[in-house]
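Q: Sequence and predicted model, in that order:
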Amino acid sequence: MTRTLTRLGALVVFALALTAAGLTSGAGALASSVGPTKIGPHQFFGGLVNGVLQGATVKVVCPGPASVGRALPGQTLAVMSPQVIARNFGNTGAKGRAIAANVGPTSSGAVTIIFTKYNHPAAFPTDIPVPCSGTGVIVFNPLPGSHGSAPATVTVTYANVATNG
């Protein structure tokens with residue numbers, strides 16, 4: 001009995017430590033990834049922008065009073081296989097084998113980044129125009145589209161480093 005209580009106590013301390021580190025609540029729990037490394041059919045997935053599922057910040061350099069600029073280097077896009085399903089997650093559907101992240105306005109020649117594995121980040125493109133401020137949505141589409149497939153979305157805030165730090 002004492003041994004069981006000691007183990008239970010250690011487990012509670014461990015859980016409290018994880019909670020204090022932010023790993024068991026909110027986006028931390030959702031960002032945990034399990035399952036296959038390779039993307040395949042009938043899998044739920046989430047998109048990540050700079051490691052965040054929702055409310056990500058994309059740092060942008062904008063010259064002068066411009067309304068569009070370029071994303072700073074060192075930022076990332078990725079897809080993950082979640083432990084918990086959120087409203088903004090997608091599904092690869094019956095035939096999905098890859099996921100495409102579409103970045104930038106369609107009129108600007110948006111860049112599409114193709115993912116075939118989970119947890120393998122790609123560089124956020126720095127060669128396309130993005131807004132200097134405001135919010136937007138980055139869409140992660142399963143490829144090929146098929147029965148049951150659905151995109152994942154990540155809401156982002158564009159922040160001009162010249163004015164927002």
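A: Now that the structure is in, tell me what you want to look at.
Q: Direction included, what does the top strand by length along the chain pair up with?
A: What stands out as the longest strand in the chain, according to DSSP state E, is strand 133-143. Strand pairing for strand 133-143, determined by DSSP bridges: strand 98-103 (antiparallel), strand 152-160 (antiparallel).
Q: The residue nearest the centre of the chain: which element?
A: In the chain, the centroid-proximal residue (C-alpha atoms, centre = their mean) is residue 48; its distance is 0.8 Å. Following DSSP states H and E, the helix or strand that holds residue 48 is strand 44-49.
Q: Just list the residues touching the nearest residue to residue 124 once chain neighbours are set aside, thanks.
A: Nearest in space to residue 124, with sequence neighbours left out and distances taken as C-beta to C-beta, 6 or more residues apart in numbering, is residue 75 at 3.8 Å. Bear in mind the C-beta positions are built from the backbone N, C-alpha and C, glycine included. Going by C-beta atoms under 8 Å, 6 or more residues apart in numbering, residue 75 touches 49-50, 58-59, 123-124.
Q: could I get the strands paired with strand 133-143 as TSV with mean pLDDT, distance to residue 116 and mean neighbour count?
A: Below are these laid out as TSV (pLDDT from 0 to 100; distance: least, C-beta to C-beta, whole Å; neighbours: other C-beta atoms under 10 Å):
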stretch	mean pLDDT	distance to residue 116	mean neighbour count
strand 98-103	93	5	20
strand 152-160	95	16	20
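Q: Those: which one's closest to residue 70?
A: strand 152-160 (10.9 Å; C-beta to C-beta).
Q: Quick check: next helix or strand after the closest one?
A: With DSSP H and E, the next secondary element past strand 152-160 is helix 161-164.
Q: Any chance you could list what contacts that next one?
A: With contact meaning C-beta under 8 Å, 6+ apart, helix 161-164 is reached by 59-62, 72, 133.
Q: Can you flag the buried ones in these?
A: Neighbour-count burial (16 or more other C-beta atoms under 10 Å) applied to those gives 59-62.
Q: Now for the spatially closest residue to residue 125 that is not a sequence neighbour: which residues touch it?
A: Spatial nearest neighbour of residue 125, chain neighbours left out: residue 111 (4.3 Å); criterion: C-beta to C-beta, 6+ apart. Residue 111 makes contact with 102-104, 125, 127-128, according to C-beta under 8 Å, 6+ apart.
Q: Pairing partners for residue 111 in the sheet, please.
A: Residues in a beta bridge with residue 111, per DSSP bridges, are residue 103.
Q: Pull the number of nearby residues for residue 124.
A: Neighbourhood size, residue 124 [other C-beta atoms under 10 Å]: 25.
Q: Likewise for residue 97?
A: Using other C-beta under 10 Å, residue 97 has 14 other residues around it.
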